[in-house]
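Participant: when you get a sec, could you give me coordinates for this:
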Amino acid sequence: MFIEMWLVYALLAAILVGIFSFTTKIVAEKNYDKDLSLFYLYLCSFILSIIYFIFFGELKYSLGTFVAALVTGILYPINLKTRFVSLKYISSSTYFINYRIFSSSLLLVLGIYLFSESVTYFQVVGIVIGFFIFYLLLEKKEKKEKIVDFKKGI
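Facilitator: Got it, this is the predicted structure:
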């Protein structure tokens, strides 16, 4: 039976992102060594990338690709370190909702300015309502969530 490779990659990416989010939450809550955890996460990512390129990839080098990979490689560990620090002070459910809204807003602004996307008023209203739905889906738990210092966490 033939399965589309994009579907396999999408399912594998969804599973790996879930595992990654779970491990970062556990590392932050249990106060494990964050640098060692980041090292192991990047080592696993590096090994999976090498396996992918050996079996499925063809390498195409260009200056733009190299610069994009370099900038991403420099900024993403900083993002993870700040995520670990933030998860010490606020609950993971609150953090990830704010993270998704901020990243979606940033992508929207970049899409408008870099790619000259046109956005109507109805689309803006839909986007704002979509952002508030994230907060409505946040469960109210009977036990108090760990909120040490919300301002410091943000």
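Participant: could you use CA atoms for every contact and neighbour count after this?
Facilitator: Will do.
Participant: mind listing what's buried along the strand or helix carrying residue 126?
Facilitator: Element membership for residue 126, per DSSP states H and E: helix 121-136. Buried residues in helix 121-136, counted by 16 or more other CA atoms under 10 Å: residue 131.
Participant: same deal with stretch 98-107?
Facilitator: 98, 101.
Participant: any idea of the mean pLDDT in it?
Facilitator: The pLDDT scores in stretch 98-107 average 84.
Participant: for the protein, which segments count as helices?
Facilitator: Ranges of helices in the chain, per DSSP state H, are 5-30, 34-55, 63-89, 92-115, 121-136, 150-153.
Participant: name the helices or strands packed onto the longest one?
Facilitator: Put plainly, it is helix 63-89. Judged by 3 or more CA pairs under 8 Å, 6 or more residues apart in numbering; DSSP states H and E, the packing partners of helix 63-89 are helix 5-30, helix 34-55, helix 150-153.
Participant: cool, and the fourth one?
Facilitator: Using 3+ CA pairs under 8 Å, 6+ apart as the contact definition, the elements that helix 92-115 packs against are helix 121-136.
Participant: may I have the helix it packs on as CSV, with CA atoms only?
Facilitator: Below are the C-alpha coordinates for helix 121-136, written out as CSV (Å, rounded to 0.1, in the frame of the first residue of the first chain):
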residue,chain,number,x,y,z
TYR,A,121,-11.7,43.9,8.5
PHE,A,122,-13.7,40.6,8.7
GLN,A,123,-10.4,38.7,8.7
VAL,A,124,-9.0,40.8,11.5
VAL,A,125,-12.2,40.2,13.5
GLY,A,126,-11.9,36.5,12.8
ILE,A,127,-8.3,36.5,13.9
VAL,A,128,-9.0,38.3,17.1
ILE,A,129,-11.9,36.0,17.9
GLY,A,130,-9.6,33.0,17.1
PHE,A,131,-7.1,34.3,19.7
PHE,A,132,-9.7,34.6,22.4
ILE,A,133,-10.9,31.1,21.7
PHE,A,134,-7.5,29.9,23.0
TYR,A,135,-8.2,31.5,26.3
LEU,A,136,-11.7,30.1,26.4
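Participant: mind checking how far that helix is from the chain centre?
Facilitator: Put simply, helix 121-136 sits 20 Å off its chain's centre (CA atoms, centre = their mean, to the nearest Å).
Participant: which residues does it contact?
Facilitator: For helix 121-136, contacts defined as CA atoms under 8 Å, 6 or more residues apart in numbering pick out 97, 101.
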